[in-house]
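> Provided below are the primary sequence and the corresponding predicted coordinates.
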Amino acid sequence: MAVSANTQFDIDAPPSVVMEVLQDIESLPEWSGPHKSAEILEEYDDGLAKLVKVKVSVGPITDEQTLAYQWTEDSCTWDLVEGTQLSKQHGVYTITDNGKGGSHVEFTLEVDLKVKLPGLIVKQGQKTAVDTAKKGLTKEAVKRARA
């Protein structure tokens with residue numbers, strides 16, 4: 001069952017700080033409630049994460065995932081390599097200058113579950129993904145911008 005979620009929002013922090021938060025994979029569990037752990041398995045030559053192992057818990061679903069990351073100057077993209085509960089995952093954060101000294105963030109997440117779940121649980125997972133993207137990333141980026 002394919003499910004997608006997306007949102008757009010502004011953060012009162014420059015794009016460079018937002019990208020810094022996204023690139024700091026090991027801090028993911030600190031600002032993303034569903035992420036219980038994040039470990040970099042392989043890095044690109046520039047030190048950015050290439051292959052990452054995460055443990056994620058959303059409602060009744062707990063999943064161990066290996067994710068392949070790709071980076072540009074203004075985006076973070078990841079795709080599922082292996083997971084226990086998901087058969088597909090594709091996520092993208094795109095960060096642009098909002099013209100007010102902050103950042104505009106576009107977040108998209110597409111997942112395909114290996115097992116069929118009730119619609120209510122699926123919707124809860126979608127809401128959690130969007131809330132985490134918006135609230136968790138915003139809080140962490142603003143904290144770092146003010147530090």
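Yep, that arrived. Residues are numbered from 1 along each chain as shown.
> quick check, Ser16 in a helix?
Yes - counting by DSSP: H, G, I helix; E, B strand; the rest coil, Ser16 is part of a helix.
> ok, so what distance separates it from Leu137?
In this view, Ser16 and Leu137 are 14 Å apart by C-beta to C-beta, to the nearest Å. Yep, even glycine has a C-beta here, placed from its N, CA and C like the rest.
> Next secondary structure element downstream of the lowest-mean-pLDDT helix or strand in the chain?
Confidence across the helices and strands of the chain bottoms out at helix 119-131, with a mean of 65, counting by mean pLDDT, DSSP states H and E. Per DSSP states H and E, the first helix or strand lying C-terminal to helix 119-131 is helix 137-146.
> Flag every buried residue along that next one.
Of all the residues in helix 137-146, those buried under the rule 16 or more other C-beta atoms under 10 Å are Leu137, Thr138, Glu140, Ala141, Val142, Arg144, Ala145.
> Could you dump these into a markdown table and include pLDDT?
Formatted as a markdown table, the buried residues of helix 137-146 follow (pLDDT from 0 to 100):
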| residue | pLDDT |
| --- | --- |
| Leu137 | 94 |
| Thr138 | 94 |
| Glu140 | 96 |
| Ala141 | 97 |
| Val142 | 96 |
| Arg144 | 96 |
| Ala145 | 95 |
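> List the residue ranges of the chain that fall below the pLDDT cut-off.
Applying pLDDT under 70 to the chain picks out residues 1, 117-126, 128-129.
> could you redo the last one with a cut-off of 90?
1-7, 33-34, 56-63, 84-89, 109-134, 147 (pLDDT under 90).
> Quick one: the helices in it, in order.
Counting by DSSP state H, the chain has helices at residues 15-23, 28-31, 119-131, 137-146.
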